[in-house]
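Engineer: Starting from these lines, generate the structure:
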Amino acid sequence: QVQLVESGGGLVQAGGSLRLACAASGRSLSNYNMGWFRQAPGKEREFVAAISWSGRTYYSDVVKGRFTISRDNAKITVYLQMNSLTAEDTAVYYCATAHQYIPTRISDVGVWGQGTLVTVSS
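Structural biologist: Numbering: from 1, shown residues only. This next block holds a predicted model:
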């Protein structure tokens, strides 16, 4: 069973940047699709970005052009570079993996990480 551990969250001022990392253990993720979701206080969990096993990327309209997802299969790690952050990006960010589907919907996800909190001060 693969386990995912996120890191890199924290407090940042509006307009700033953060890079989240998701490290996997338990098995190689080289043939798995990976994604990031987020959940703001009082809101439902939503899709942020995904990357296929072959490196094709997908983004929600809200983050497109500001966030970049990437993967390092050798390090079994997925990254989310977040630029031009706003207060609306404040949320707990969750890493996710899926074998059969690209994880753009909650129902696609097989395994979740525990989440890392990102707080953007305005």
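
Engineer: Compute the number of surrounding residues for residue 76.
Structural biologist: Around residue 76 there are 19 other residues, counting by other CB atoms under 10 Å. Every C-beta, even on glycine, is put in place using the N, C-alpha and C of the backbone.

Engineer: Look up the closest residue to it, ignoring the ones flanking it.
Structural biologist: Leaving aside its sequence neighbours, residue 76 sits nearest to residue 24 (CB to CB, 6 or more residues apart in numbering; 4.6 Å).

Engineer: quick check, the one you found in a strand?
Structural biologist: Yes - under DSSP: H, G, I helix; E, B strand; the rest coil, residue 24 sits within a strand.

Engineer: separation between it and residue 114?
Structural biologist: Applying CB to CB, to the nearest Å, the value for residue 24 to residue 114 is 13 Å.

Engineer: So for the two, which sits in the more crowded spot?
Structural biologist: Shown here are residue 24 and residue 114; by other CB under 10 Å, residue 24 has more neighbours (22 against 11).

Engineer: I'd guessed residue 102 sits against residue 34; true?
Structural biologist: No - applying CB atoms under 8 Å, one finds residue 102 not in contact with residue 34, separated by 9.2 Å.
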